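Visitor: Below: sequence and its predicted model.
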Amino acid sequence: MKTRATELFEIKYPIFCGGMFWLCEPNLCAAISEAGGLGNITAMHYSDGEELRKAIQKTREMTNKPFSVNITMLPSRITREQYDEYFRVCCEEKVAAIEATGEPAVRYIDEVHKAGIKIIHKVGSLRHALHAEKVGYDAVYAAGIEEGGHPLSDDVATTILTARVAETLKIPVITAGGIADGRGLAAALSLGAEGVMMATRFMATQECTVHDNIKQELVGRKEDDTVLICKTLNLQGRALKSPLVDQVLEIEKRGGGIDDLRPLITGQRMIKASVTGEAEDAIWHVGQTIGLIRDIVSCQVLLDRMVSDAKGILTKSLSYFE
């Protein structure tokens with residue numbers, strides 16, 4: 001399957017893995033890349049550049065295929081010095097690509113390109129996509145409101161955002177948000193995208209290290225089982241509905257601030273729950289794609305099936321015009 005995205009990143013399938021904090025580690029990253037997509041390591045999981053370097057090298061022990069590193073530059077515990085280290089190590093290790101989120105990442109573009117590395121920016125609006133192209137990003141993830149994590153507060157649906165960005169930009173556009181199967185891949189290509197990026201769907205794979213209880217929770221939930229939280233912090237996130245999420249919304253409703261919310265939304269809760277399997281002990285930033293997740297399969301089965309299904313859908317569509 002060839003698109004500008006597969007050629008740019010030298011991968012078999014135009015299927016990319018997005019950042020997922022501690023879950024995007026070498027094992028899952030290597031499995032996705034071996035399956036033909038672009039696996040991902042999330043840098044913020046590692047305390048410094050040398051820890052990230054070890055993760056990159058461990059991934060290379062499991063695959064010789066290209067993979068990316070996610071560096072999310074949003075308000076967090078990460079310092080400027082740590083970000084400098086992450087980018088420096090990625091350049092020294094010459095990873096295939098970096099997925100950067102957040103405006104401050106612009107200052108690293110020249111350094112990344114000098115190292116021969118491609119850099120992708122995740123955007124939630126056409127104006128941000130145009131800026132990304134202007135400053136030198138090689139591709140963009142166009143992420144609609146359906147996505148897990150932190151969708152832009154413009155609240156534009158993936159279908160509209162993809163079409164608008166794809167018809168406007170010259171660089172490859174990769175659809176994110178609401179993608180979980182071959183239907184989503186076929187739709188993205190029809191809208192003008194060169195590939196798709198997924199995160200939530202990769203949680204429900206055999207290679208993902210999250211506890212099986214969490215995977216089963218995703219399989220059992222429906223598309224309306226997520227809600228937007230942290231709007232009052234200007235950092236809205238889509239999260240799986242739970243009593244803990246209800247507490248967050250109640251605190252926001254009564255005007256509580258970050259100090260009130262921090263104990264509930266901390267990533268440490270998710271790290272612990274991913275081991276214990278107690279889903280309601282943490283906030284899970286997952287997308288509306290949970291309504292499309294039916295099973296837990298290997299990354300190879302998932303990607304092969306997606307491409308096969310997309311091909312069948314697009315072939316059938318062409319037959320309507322015969």
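Guide: Looks like it arrived, so ask away. Numbers count the residues shown, from 1 in each chain.
Visitor: From here on, just use CA atoms for contacts and neighbour counts.
Guide: Noted.
Visitor: So which residues of this structure form strands?
Guide: Secondary structure of the chain (DSSP state E): strands at 15-17, 39-42, 67-72, 97-101, 118-123, 139-143, 173-176, 195-198, 226-229, 237-240.
Visitor: tell me the angle of the third one relative to strand 118-123?
Guide: Put plainly, it is strand 67-72. Strand 67-72 and strand 118-123 are oriented at 40 degrees to each other (axes from the mean of the first three to the mean of the last three Cα atoms, to 10 degrees).
Visitor: Partner strands of strand 67-72, with direction?
Guide: Using DSSP bridges, the strands paired with strand 67-72 in its sheet are strand 39-42 (parallel), strand 97-101 (parallel).
Visitor: Columns mean neighbour count on top of those, output as a markdown table?
Guide: Conversion of the strands paired with strand 67-72 to a markdown table gives the following (neighbours: other Cα atoms under 10 Å):
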| stretch | mean neighbour count |
| --- | --- |
| strand 39-42 | 30 |
| strand 97-101 | 24 |
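Visitor: what is the mean pLDDT for stretch 52-61?
Guide: Stretch 52-61 shows an average pLDDT of 98 in the prediction.
Visitor: picking that back up, now for the strands of the chain, which one comes closest to Leu185?
Guide: If you check each of the strands of the chain against Leu185 by Cα to Cα, strand 195-198 wins as the nearest, at 6.3 Å.
Visitor: and the strands of the chain, which is most packed in?
Guide: Of all the strands of the chain, strand 173-176 has the most neighbours on average by mean count of other Cα atoms under 10 Å, namely a mean of 32.
Visitor: Return the helix or strand in the chain with minimum mean pLDDT.
Guide: Within the chain, no helix or strand scores below helix 267-276, which has a mean of 92 by mean pLDDT, DSSP states H and E.
Visitor: how far does that one sit from the chain's center?
Guide: 19 Å (Cα atoms, centre = their mean, to the nearest Å).
Visitor: can you list contacts of that helix?
Guide: By Cα atoms under 8 Å, 6 or more residues apart in numbering, the surrounding residues in contact with helix 267-276 are Trp22, Thr209, Val210, His211, Ile214, Ala279, Asp281, Ala282, Ile283, Trp284.
Visitor: Mind doing that once more with 6 Å?
Guide: Outside of helix 267-276, the residues that reach it under the criterion Cα atoms under 6 Å, 6 or more residues apart in numbering are Val210, His211, Ala282.
Visitor: go on, stretch 280-288?
Guide: For stretch 280-288, the external contacting residues (Cα under 6 Å, 6+ apart) are Glu146, Glu147, Gly148, Gly149, Thr200, Glu223, Arg238, Ala239, Leu240, Arg269, Met270.
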